[in-house]
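**Student:** model this:
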Amino acid sequence: MIQQKLIALTIFIVALAGLIVSLLFLFHEHSVIRHEVQSRGNILVKAVTKKALDSIRAGDYGAGLAGVVKSLHADPDVEIAMVVDPEGTILAHTYDRTIGQKLYLTSWDQDVFKSKEPLMRFDSGKNRYIIGMAIEGPGSYALGDKELVMPTGNSLISLGAIYIGISQDRISALLKKTIGFVAASLLMVLGVASILTRVFTRRIVRPLNELNQATKDIAEGNLLAQVDAKGNDEVSNLARSFNLMTRRLRETTIGKSQLEAIVEQKTRELKETNESLLEANTHLQRLQELESKFVSMASHELRTPLTSIGGFVSLMQKYFERLTKEQMTNYLNAIASESARLGRMINEILDLKRIEQGRFELNPVRLDVKMLAQKVIDELKMRPNQPHYEVVIEGAELIAMLDEDKTKQIFINLLSNAAKYTPADKHVFVEAFAINATLVINIRDEGPGIPKELWEKLFKPFARANDEVARKTVGSGLGLAITKSLVETMGGRVRAENLKTGAQFTVILPRGNSNV
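**Tutor:** Residues are numbered from 1 along each chain as shown. Predicted coordinates:
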């Protein structure tokens with residue numbers, strides 16, 4: 001097997017080298033031939049340019065230019081020759097029937113008329129090189145005893161151009177002979193390389209095959225396998241090392257392999273156990289950090305209403321006899337308000353913990369979203385300093401299969417949040433619509449919008465802005481966090497964005513089978 005691979009590798013290397021050399025040779029050959037064709041063509045057209053110029057000046061468009069074309073065509077490599085005027089009309093041609101026809105002038109032809117040196121291009125359609133050169137003459141010249149002046153003055157002008165086509169047939173034949181010679185040489189080299197590789201690898205491959213077979217015997221349990229270790233080369237040294245290894249294996253056959261297998265298995269089990277413990281420990285540390293942060297933030301937020309209640313109670317105890325009935329009523333109302341606020345915060349914290357721990361169930365019912373939104377707005381209008389609410393929902397009803405309590409809480413949290421930051425003379429809009437199996441709810445206000453520093457922590461617990469508007473509003477900072485948890489638990493998502501005036505919160509929920 002190794003011998004065949006070595007032979008195949010040798011053939012591949014030789015073939016690749018031959019291919020590269022052939023390509024380089026062909027490329028060089030093509031470049032040289034192109035250069036020679038251009039040099040020969042330049043000499044030919046330059047040699048007859050003056051004769052063509054004299055014929056054109058003399059108005060000899062017949063025998064004079066025909067002689068120019070015939071002298072060019074007399075060269076064995078020239079396939080065609082012709083002379084054209086600046087308008088592209090053929091004045092003389094190898095084939096007389098084309099005289100007088102109009103030649104379509106390409107951009108290359110325009111370059112020929114402007115160039116002072118011959119230009120060359122390859123006509124792939126007819127497999128030949130085309131060399132063209134402008135016939136230029138001065139603006140004035142003498143004809144007999146008269147001085148003729150061209151309209152352009154004394155500058156050189158183009159009086160036409162000479163074209164010759166040099167056949168590619170001889171070049172192609174030369175290339176084919178070269179390629180055949182290279183291919184034959186390459187095949188001969190491949191054959192010789194294969195034979196030499198087979199001869200030189202046989203001495204190496206034979207002992208390696210024996211060593212391979214002995215290795216298989218040991219794998220099957222035959223520890224008596226031996227190989228021939230004659231000689232002093234690397235393969236012989238490897239064979240002697242193999243024989244030594246088998247002898248020592250026979251001396252240590254007391255279940256070493258089984259013991260290693262047991263150790264490996266126990267090591268793997270211990271590694272898996274350590275990885276599981278490390279993962280559990282990391283998860284526990286993360287939970288402890290979150291719990292500590294949550295308790296710290298909760299205690300800080302709960303301390304505010306407790307401080308207010310303690311302050312009012314202290315005032316009532318200290319100045320009880322001096323306080324009027326109206327002052328006592330105001331203090332008691334403040335204590336009741338702070339107590340209610342404290343109760344709401346505790347309930348929100350408990351709700352958030354229950355949501356995070358997954359300790360609540362969804363009870364979807366056939367729910368009229370428009371009616372629920374109007375019901376929540378009617379309850380919020382009973383609170384002081386409320387903005388104007390407007391429900392924008394098309395149709396008499398909008399039905400979806402949702403948990404009514406959780407959906408109501410989402411409406412209350414988002415509408416309450418919008419009302420806190422919307423002046424009493426402004427509006428809060430509720431929009432809702434269905435797209436196939438999806439329900440989209442937009443809560444849009446006309447407040448100051450969401451501050452930049454609040455974006456990253458907008459839906460996190462106790463997230464509050466630091467601007468003047470936020471400091472004047474009362475809230476725990478838990479409403480949006482609870483809303484996000486509720487929406488995601490119900491299989492939806494929520495996002496926020498700033499508009500030109502105010503902010504908008506969008507809730508997207510699965511509508512469910514609303515036909516039930």
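
**Student:** Every contact and neighbour count from this point should use C-alpha atoms.
**Tutor:** OK.

**Student:** buried ones in stretch 118-136?
**Tutor:** Neighbour-count burial for stretch 118-136 flags 118-120, 128-136 (criterion: 16 or more other C-alpha atoms under 10 Å).

**Student:** what does stretch 70-90 give?
**Tutor:** Quick answer for stretch 70-90 (16+ other C-alpha under 10 Å): 70, 72-73, 77-86, 88-90.

**Student:** which one of those residues sits closest to Met371?
**Tutor:** Gly88 (86.9 Å; C-alpha to C-alpha).

**Student:** which residues of the stretch 51-200 of the chain score low on pLDDT?
**Tutor:** Within the stretch 51-200 of the chain, the stretches falling below the threshold (pLDDT under 70) are 139-156, 170-176, 178-179, 182, 193, 196-200.

**Student:** Would you map the helices across it?
**Tutor:** With helices called from DSSP state H, counting those that start in this stretch, the stretch 51-200 of the chain shows them at 63-73, 107-114, 169-219.

**Student:** try the stretch 351-500 of the chain
**Tutor:** If you assign secondary structure with DSSP H, counting those that start in this stretch, the helices in the stretch 351-500 of the chain sit at 369-380, 404-420, 468-472, 479-489.

**Student:** looking at the ones you listed, which is closest to Ser236?
**Tutor:** Using C-alpha to C-alpha as the criterion, the shortest distance between Ser236 and the helices of the stretch 351-500 of the chain is 72.0 Å, found for helix 479-489.

**Student:** Who are the packing partners of that closest one?
**Tutor:** Other elements packing on helix 479-489 under the criterion 3 or more C-alpha pairs under 8 Å, 6 or more residues apart in numbering; DSSP states H and E are helix 325-356, helix 404-420, strand 493-498.

**Student:** please redo it, this time with the cut-off set to 10 Å
**Tutor:** With contacts defined as 3 or more C-alpha pairs under 10 Å, 6 or more residues apart in numbering; DSSP states H and E, the secondary structure elements packing on helix 479-489 are helix 325-356, helix 404-420, strand 493-498, strand 503-510.

**Student:** pLDDT value on Gly492, please?
**Tutor:** What the model reports as pLDDT for Gly492 is 93.

**Student:** Also Glu453?
**Tutor:** Confidence at Glu453, expressed as pLDDT, is 82.

**Student:** right, and Val84 touches Leu159 too?
**Tutor:** Yes: with contact taken as C-alpha atoms under 10 Å, Val84 and Leu159 are classed as touching, separated by 8.8 Å.

**Student:** who touches both of the two?
**Tutor:** Any residue near both Val84 and Leu159 by C-alpha atoms under 10 Å, 6 or more residues apart in numbering counts here, and that gives 134-135.

**Student:** For Leu323, give its distance to Ala280.
**Tutor:** Note on Leu323: its distance to Ala280, by C-alpha to C-alpha, to the nearest Å, is 60 Å.

**Student:** can you redo the helices and strands packed on helix 479-489 as CSV with mean neighbour count and distance to Thr215?
**Tutor:** Putting those into CSV (neighbours: other C-alpha atoms under 10 Å; distance: least, C-alpha to C-alpha, whole Å) gives the following:
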stretch, mean neighbour count, distance to Thr215
helix 325-356, 15, 61
helix 404-420, 19, 72
strand 493-498, 16, 63
strand 503-510, 21, 65
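
**Student:** Of all the ones you listed, which one comes closest to Arg444?
**Tutor:** Go through those one by one with C-alpha to C-alpha and the one that ends up closest to Arg444 is strand 503-510, at 4.3 Å.

**Student:** Using PDB, write down the CA coordinates of the closest one.
**Tutor:** Below are the C-alpha coordinates for strand 503-510, written out as PDB (Å, rounded to 0.1, in the frame of the first residue of the first chain):
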ATOM      1  CA  ALA A 503     -42.400  57.500  23.800                       C
ATOM      2  CA  GLN A 504     -44.100  54.300  22.700                       C
ATOM      3  CA  PHE A 505     -44.100  50.800  24.100                       C
ATOM      4  CA  THR A 506     -45.000  48.000  21.800                       C
ATOM      5  CA  VAL A 507     -46.200  44.600  23.100                       C
ATOM      6  CA  ILE A 508     -46.400  41.600  20.600                       C
ATOM      7  CA  LEU A 509     -48.300  38.500  21.800                       C
ATOM      8  CA  PRO A 510     -49.500  35.300  20.200                       C
END
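
**Student:** between that strand and helix 479-489, how big is the angle?
**Tutor:** Strand 503-510 runs at 20 degrees relative to helix 479-489, counting by axes from the mean of the first three to the mean of the last three C-alpha atoms, to 10 degrees.

**Student:** Return the distance of strand 503-510 from the chain's centre.
**Tutor:** 31 Å (C-alpha atoms, centre = their mean, to the nearest Å).

**Student:** now that strand against strand 493-498, angle please.
**Tutor:** Angle, strand 503-510 to strand 493-498, by the same axes, to 10 degrees: 160 degrees.

**Student:** Out of the helices and strands packed on helix 479-489, the one nearest Gln101 is which?
**Tutor:** For the helices and strands packed on helix 479-489, distance to Gln101 was read as C-alpha to C-alpha. The smallest value, 74.8 Å, belongs to strand 493-498.

**Student:** Indicate each strand paired with the closest one and its parallel or antiparallel sense.
**Tutor:** Note on strand 493-498: by DSSP bridges, its sheet partners are strand 503-510 (antiparallel).

**Student:** contacting residues around Ala74?
**Tutor:** Remark: with contacts taken as C-alpha under 10 Å, 6+ apart, Ala74 is in contact with 80-81.

**Student:** What separation do you get for it and Ile80?
**Tutor:** Between Ala74 and Ile80 the distance, using C-alpha to C-alpha, works out to 10 Å.

**Student:** roughly how far apart are Ala419 and Glu456?
**Tutor:** Counting by C-alpha to C-alpha, the gap from Ala419 to Glu456 is 22 Å.

**Student:** Equivalent analysis for Glu390, please.
**Tutor:** 30 Å.

**Student:** Between those two, which has more neighbouring residues?
**Tutor:** Per other C-alpha atoms under 10 Å, whichever of Glu390 and Glu456 has more neighbours is Glu390, with 14 against 9.

**Student:** so that one bridges to which residues?
**Tutor:** On the basis of DSSP bridges, Glu390 is bridged to Phe429.

**Student:** Test my guess that it contacts Gln374.
**Tutor:** Yes: using C-alpha under 10 Å, Glu390 is in contact with Gln374, at 8.9 Å.

**Student:** Please enumerate the shared neighbours of those two.
**Tutor:** Common contacts of Glu390 and Gln374, defined by C-alpha under 10 Å, 6+ apart, comprise Val430.

**Student:** Might you report the residue contacts of the residue lying closest to His93 once chain neighbours are set aside?
**Tutor:** Once flanking residues are discounted, His93 sits nearest to Met82: 4.2 Å by C-alpha to C-alpha, 6 or more residues apart in numbering. Listed by C-alpha under 10 Å, 6+ apart, the contact set of Met82 reads 65-66, 68-70, 72-73, 90-96, 98-99, 132, 161-165.

**Student:** now, the most widely separated pair of the buried residues of stretch 118-136?
**Tutor:** Largest separation among those by C-alpha to C-alpha: Arg128 and Glu136, giving 25.6 Å.

**Student:** pLDDT at the spatially closest residue to Met490 that is not a sequence neighbour, what is it?
**Tutor:** By the measure of C-alpha to C-alpha, 6+ apart, the closest residue to Met490 outside its immediate chain neighbours is Leu509, 7.2 Å from it. In the prediction, the pLDDT value recorded for Leu509 is 94.

**Student:** Can you name the residues bridging to Leu509?
**Tutor:** According to DSSP bridges, the partner residues bridging Leu509 are Leu439.

**Student:** quick one: contacts for the nearest residue to Pro86 once chain neighbours are set aside?
**Tutor:** Nearest residue to Pro86, sequence neighbours excluded (C-alpha to C-alpha, 6+ apart): Gly160, at 4.6 Å. Residues touching Gly160, when contacts are defined by C-alpha under 10 Å, 6+ apart, comprise 52-53, 56, 83-91, 112-113, 133-137.
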